[in-house]
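> let me see the structure of the following:
(chains A, B, C and D, ligands or ions: 4)
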Amino acid sequence: MPTKEKLIEMYRQILRIRHFEEKVYELYGQNLVPGTIHLYVGQEAVAAGVCANLRKDDYITSTHRGHGHCIAKGADLRKVMAEILGRKTGYCKGKGGSMHIADFSIGMLGATAVVGAGIPIAVGAGLSIRLRGTDQVVAGFFGDGASNQGTFHESINMAAIWSLPVIFVCENNLYAMGTRQSVVMKIENIADRAVAYGIPGVTVDGNDVLAVYEATEDAVDRARHGEGPTLIECKTYRHKGHSRFDPATYRPKAEVEEWLKKDPIPRFKAKLQEMQMLTKQEAEKLEQEVILAVEEAVKFGTESPFPAPEEALENVYA
Amino acid sequence: MPTKEKLIEMYRQILRIRHFEEKVYELYGQNLVPGTIHLYVGQEAVAAGVCANLRKDDYITSTHRGHGHCIAKGADLRKVMAEILGRKTGYCKGKGGSMHIADFSIGMLGATAVVGAGIPIAVGAGLSIRLRGTDQVVAGFFGDGASNQGTFHESINMAAIWSLPVIFVCENNLYAMGTRQSVVMKIENIADRAVAYGIPGVTVDGNDVLAVYEATEDAVDRARHGEGPTLIECKTYRHKGHSRFDPATYRPKAEVEEWLKKDPIPRFKAKLQEMQMLTKQEAEKLEQEVILAVEEAVKFGTESPFPAPEEALENVYA
Amino acid sequence: MRELTYRDALREALREEMVRDKTVFLLGEDIGRYWSGAFKVTKGLAEEFGDERVRDTPISESAIIGVAVGAAITGMRPVAEIMFGDLTTLAMDQICNQAAKICYMFGGQTTVPLVVRTPFGAGVNIASHHSQSLEAWFMHTPGLLVAAPSTPFDAKGLLKTAIRGNNPVMFFEHKLLYPIKGEVPEDDYTIPFGVADVKIEGEDATIFATLYMVHKALAAANELRKQGISVEVIDPKTLVPLDKQAIIKSVKKTGRIVIVTEDCKTAGVSAEVAAIVAEEALDYLDAPIKRVAEPDTPIPFSPPLEQFVIPNEKTIIKAVKEVL
Amino acid sequence: MRELTYRDALREALREEMVRDKTVFLLGEDIGRYWSGAFKVTKGLAEEFGDERVRDTPISESAIIGVAVGAAITGMRPVAEIMFGDLTTLAMDQICNQAAKICYMFGGQTTVPLVVRTPFGAGVNIASHHSQSLEAWFMHTPGLLVAAPSTPFDAKGLLKTAIRGNNPVMFFEHKLLYPIKGEVPEDDYTIPFGVADVKIEGEDATIFATLYMVHKALAAANELRKQGISVEVIDPKTLVPLDKQAIIKSVKKTGRIVIVTEDCKTAGVSAEVAAIVAEEALDYLDAPIKRVAEPDTPIPFSPPLEQFVIPNEKTIIKAVKEVL
Ligand SMILES: Cc1ncc(C[n+]2csc(CCOP(=O)(O)OP(=O)(O)O)c2C)c(N)n1
Ligand SMILES: Cc1ncc(C[n+]2csc(CCOP(=O)(O)OP(=O)(O)O)c2C)c(N)n1
Ligand SMILES: [Mg+2]
Ligand SMILES: [Mg+2]
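Ligands and ions are numbered 1, 2, ... in the order given. This next block holds a predicted model:
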């Protein structure tokens, strides 16, 4: 069981993500967000539960749906927001945008917009840890859809044979764009694929912060002790469409409603209160702080300048 | 149990492959074979056992180690030899060589020299069968090394979800070039990977013609009846080095000797005699016929002209 | 004549070919009834032809092409969609080593009647992994044909030719073209590969342009005309085969050429066109060749950065003036 | 001076860099103690540095590069080997979308000190999947550097520069170069990228050649000299950055250029060089540019066919005479 401090920290993180994402949603309604956007709303328990087990010097790799990963790993909301808005003050000076945020100062090795492409990069970070002889670990996030990419197979196999400190976190939100898992996979639990590589695979309720935390705790523990990688599948659901203009009509209404009931935030809040870890007042205070921080991020982002056009020519080479 | 005719046919095929390959070995000792070469010696039971279950209109896809597959599917030894020797009379007019033989007239859809690249092509043939509504099947051959390629994963998954009539034949000869299976895979049986796709996987003694035959028979039966793909792993061993100049010193002597004892040819011959399916005289006669056919192939190949240089410009487009 | 969008013209071609020939089928990620393709090109087709012939696939680009190749060499005519051109990187072996080389390696024993449709192009702020133009890689791969329609009319006619042909065709669309409207005949027509269009005749300089750049070139030509400069605009429509003669003929007339493509400048499509002119029409040149292309950078996300790297009317006009 | 083969020179660079810098490590298929690399470049290194730093991998090209990228952005300097250049097709996303773009996309937050070594080239009858030359694809990808040494001396010096640099480098070798011998100093030296060598000075025409073609160009130049024709031969050594000035300078002197590369002609390396000359040195040209390259075919297996498609001394001499 995590300490009280950890519990509260995880609660803060899921709130931060939720409020941040709702704000992004609002901003793009106002046409302030260029390009497309993939919101993390509904999946917060995964990023929070995983990252609560990581140290600042541990690594993560992320995906097109990466805001939550950044935030949970400890990124500065202001710089995430500025990047999403294409501003010079963003993490990547506006070059990356929503799908390519990185913060190397906290071990966030970046999001890639190519589905599955981050998986071998996570393994490479694991190999680097091994060769440098530190006790860091790396968590690689990816979706159910990504688990059908060749990179999934090649990467997990490599991590397995070399016993690398990698936690493969499959966020199974049941859909890849409009494609239901059952259309593209005969198996129900993606964690079963771990058998093919001789490593442990576990499936957990990805809307339950504690379940994610505990599965990751075990995996991180093994990884730090040289016992190799784990595949953790977190069953979860995105509340919004896949991307900017997706009404998500391919999802049965009843299914959506059922999952909305499993929203990780009220669930975790109730749990904390039941455990007497969080009073109503504390909860309110915390939420207020988060709301303020998000508002500050929005202010910072929207008031920041765009990069100068010629900056497009910088950073092609180191 | 296969019919007597089938049994004799399989025996003939393993002999044809063995004698053919020994001849190729001899010819390249005489510097008559351009480029490199990957001999099938030792693995004959796999090609013969699998292909004995296939009709002429069924398909196979093949690899860099593909002579055996061609021959077992019914290719003309003369045209295989001519191709290996780079002659105009070869299956591919000398354009393909040892690693790229095809014979579309017997459903041999070609060998690819990119490890793992034939696997999705086999699945595509399976999809074509399904869309055209025939009861053909396709067998895709590949090695243990190939099973670590992303294409293995992507392809088997697709065949599984669409329930295509594909038999995935993994010839596990324990090595990929100098790399032992255990160096690149934590699992012992590659057939266990079938679990990841929700399809049956079986491991058989790949030096036992009958074992291969029977496993394939089941798989072909399911495939023809719309029950989807199977992954069959055949444990076998190559008697020679990986390619032309490989002395194969990476293999322990004792291991080589042990496997030489399991040579599929004397084993199958003894079995047939024990089953009273083949008399000594019949065996001798058959072997003589095979030797003659191979000699004829050599004569045909070596006496055939090389293509004219300008033919290099033909066949780039249909 | 009836007007259709580029998107609808593509769909019409797919639909008509599927009606005409039962061996034509489509496969790709989210092309089916649940999403209709990222750019809605396949909308309604799954409903009309069923999920077997309009097949949603897993996210497995390499297998998508490999499976299409396997189907193509066994009697079918697959049209595979790769959701974004940038993702062809995941299928390069199947495209360039298998599809492109099978006919050759096997001595002409089989054909590979396969079409790979995919959109290229920047301009919608979706950054480095969703905005590239990679035509040059495929031009450099013998065995492939390469189509690059710039109008709804060409989109329909070239796609039909691609589907009916017996060679693998890389069929490149451009994201910004999908909503563009143009005249498209209702009847069944095909457009031969390798025949360029002279979009506007002119005397003072030639602009060679492809895909979305054709429209920018035309705008530039219009503006230049107002300034008394007469520019000829050539759209090759297919890059392989490339209508060299049309290019050379125009250069003979104008003596000057500006080559406008959206891909990166170095070793891009524009380099090949420049090389052809330098090899085969040098004596007719009255000024150096000029390439207008993406500078050699990945495509950045932020709008001012992205706009800076994409060639536009102004950079084209400037280049034309430089060669005059 | 001491002579080494190209193979041994490469190995010496790897070895010395591994001794010098503990973050340098090698990974690839069969590079370790059991095989020492398909071309024996890594022979003895696993024995000296252990299996951790000379790491045999599964046959997983995409993950090999992806893993190398992950290691490169977390403090290591991986040198990945792809056994044959043709197989980079399996790793194009990791090479061109990830390695090449990470520095840019992330606004310069990280560098990607990664070297990908791989052999290109035909001439040993191993057919279409093991004989290509694909340099142009990588030249066309901003963010990558591209090295192409033609001698043992260059091989050692450029590889050291590649390993010490902070950018991803595609390091292209040529199968036929491995056994070639040449002088290689014993001491530690590096060779800067982007500085071409004038291999022979000449007055009548310039030959630009890369990799194994440098040797064929030199042989052609020798033969031409006997016939009274003085040819200048330029070897760029790196394709990105490309020493444009050296090319232009030579063309200014000779007025004629023949570009000799082993890759396919259309949209190849030779197209870019031709385009540069046509853009930046047109006025100095006294004759059309000439490209000598592989005709646009896959590489065939049979020796007479293969020899037909590879540029050789004769085709180079013929081309030079055509521009005179
Ligand atoms: C290799 C690749 N193929 C296709 C796409 C287009 N695409 C972007 S997100 C996505 C779905 C990804 O599904 P999943 O991995 O389950 O992640 P989720 O969006 O559900 O978080 C697709 C197909 C892409 N970006 N990269
Ligand atoms: C994608 C790819 N990677 C590497 C190679 C070089 N190579 C040729 S055969 C081979 C080993 C293949 O091993 P396996 O699949 O077990 O087949 P086997 O040779 O044992 O029959 C390798 C690495 C290749 N041809 N293709
Ligand atoms: Mg998903
Ligand atoms: Mg093997």
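> now do the contacts for residue 186.
In the absence of a named chain, this looks at chain A. By CB atoms under 8 Å, 6 or more residues apart in numbering or on different chains, the residues touching A:Lys186 are B:Ala160, B:Ile161, B:Tyr197, B:Gly198, B:Ile199. C-betas here are computed from N, CA, C, even on glycine.
> right idea, wrong chain: chain C
C:Glu186 makes contacts with C:Arg2, as judged by CB under 8 Å, 6+ apart.
> what pLDDT is listed against it?
pLDDT for C:Glu186: 96.
> tell me if it really is in a helix.
No. Residue state for C:Glu186 (DSSP: H, G, I helix; E, B strand; the rest coil) corresponds to coil; a helix is not indicated.
> for it, grab phi and psi.
With angles defined as degrees, to the nearest 10, C:Glu186 sits at phi -80, psi -20.
> also the one 3 residues further on?
Phi and psi for C:Tyr189, reported as degrees, to the nearest 10, are phi -140, psi 150.
> what is the neighbour count of it?
Using other CB atoms under 10 Å in any protein chain shown, C:Tyr189 has 13 other residues around it.
> which residue does chain A bring closest to chain B?
Nearest residue of chain A to chain B: A:Gly150, at 1.7 Å (CB to the nearest CB).
> got a list of what that residue touches?
When contacts are counted by CB under 8 Å, 6+ apart, A:Gly150 touches A:Gly116, B:Gln149, B:Gly150, B:Thr151, B:His153, B:Glu154, C:Ser60, C:Ser62, C:Ala63, C:Leu90, D:Ser62.
> ok, and the most crowded of the contacts of A:Lys186?
Neighbour-wise, the contacts of A:Lys186 (other CB under 10 Å) top out at B:Tyr197, 27 neighbours.
> how close does that residue sit to B:Met158?
From B:Tyr197 across to B:Met158, the span is 9 Å (CB to CB, to the nearest Å).
> break down the stretch 201-324 of chain C into its strands, ranges please.
Assigned by DSSP state E, counting those that start in this stretch, the strands in the stretch 201-324 of chain C fall at C:205-209, C:231-235, C:238-240, C:257-264, C:290-294.
> what's the most buried one of these?
strand C:205-209 (a mean of 30; mean count of other CB atoms under 10 Å in any protein chain shown).
> by contact count, what packs against that strand?
helix C:212-226, strand C:231-235, helix C:244-254, strand C:257-264, helix C:313-323 (3 or more CB pairs under 8 Å, 6 or more residues apart in numbering or on different chains; DSSP states H and E).
> swap in 10 Å and give it another go.
Strand C:205-209 makes packing contacts with strand C:197-200, helix C:212-226, strand C:231-235, helix C:244-254, strand C:257-264, helix C:269-280, strand C:290-294, helix C:313-323 when contacts are defined by 3 or more CB pairs under 10 Å, 6 or more residues apart in numbering or on different chains; DSSP states H and E.
> adding mean pLDDT and distance to D:Val258, write the ones you listed out as CSV.
Below are those laid out as CSV (pLDDT from 0 to 100; distance: least, CB to CB, whole Å):
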stretch, mean pLDDT, distance to D:Val258
strand C:197-200, 98, 32
helix C:212-226, 98, 31
strand C:231-235, 98, 28
helix C:244-254, 98, 20
strand C:257-264, 98, 22
helix C:269-280, 98, 11
strand C:290-294, 98, 22
helix C:313-323, 98, 25
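> can you list those in a markdown table and add distance to chain D?
Formatted as a markdown table, these follow (distance: least, CB to the nearest CB, whole Å):
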| stretch | distance to chain D |
| --- | --- |
| strand C:197-200 | 21 |
| helix C:212-226 | 17 |
| strand C:231-235 | 17 |
| helix C:244-254 | 11 |
| strand C:257-264 | 6 |
| helix C:269-280 | 4 |
| strand C:290-294 | 6 |
| helix C:313-323 | 10 |
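> which stretch among those comes nearest D:Leu27?
Taking CB to CB, strand C:257-264 is the member of these nearest to D:Leu27, at 29.0 Å.
> what are the pairing partners of the closest one, and which direction each?
Its sheet considered, strand C:257-264 pairs with strand C:205-209 (parallel), strand C:290-294 (parallel) by DSSP bridges.
> dump the first one to PDB, keeping only the CA atoms.
Output for strand C:205-209, consisting of C-alpha atoms alone and laid out as PDB, is shown next (Å, rounded to 0.1, in the frame of the first residue of the first chain):
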ATOM      1  CA  ALA C 205       9.700  30.700 -68.100                       C
ATOM      2  CA  THR C 206       8.500  27.200 -67.200                       C
ATOM      3  CA  ILE C 207       7.200  26.200 -63.800                       C
ATOM      4  CA  PHE C 208       7.200  22.400 -63.200                       C
ATOM      5  CA  ALA C 209       5.000  21.700 -60.200                       C
END
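> any idea how far whichever residue of the stretch 1-150 of chain C sits closest to ligand 3 is from ligand 4?
Ligand 3 sits closest to C:Ile59 of the stretch 1-150 of chain C, with a gap of 9.5 Å, by CB to the ion. Going from C:Ile59 to ligand 4 by CB to the ion, to the nearest Å gives 29 Å.
> tell me the SS of that residue?
Classification of C:Ile59 by three-state DSSP places it in coil.
> just give the nearest non-adjacent residue to it, would you?
Spatially, and ignoring its direct neighbours in sequence, C:Ile59 is nearest to A:Gly145 (4.6 Å; CB to CB, 6 or more residues apart in numbering or on different chains).
> what's near enough to touch that neighbour?
A:63, A:115-116, A:170, A:172-173, A:175-177, A:179, A:181, A:184-185, A:242, C:29-30, C:58-60 (CB atoms under 10 Å, 6 or more residues apart in numbering or on different chains).
> then C:Glu262?
Residues in contact with C:Glu262, defined by CB under 10 Å, 6+ apart, are C:120-123, C:131-133, C:135, C:174, C:176, C:209-213, C:216, C:268-270, C:292-294, C:299, C:309-311.
> what is the helix or strand hosting A:Ile291 packed up against?
Per DSSP states H and E, A:Ile291 falls inside helix A:280-303. Counting contacts by 3+ CB pairs under 10 Å, 6+ apart, helix A:280-303 packs against helix A:4-29, helix A:77-84, helix A:264-274.
> can you do 7 Å?
On a contact count with 3 or more CB pairs under 7 Å, 6 or more residues apart in numbering or on different chains; DSSP states H and E, helix A:280-303 meets helix A:4-29, helix A:77-84.
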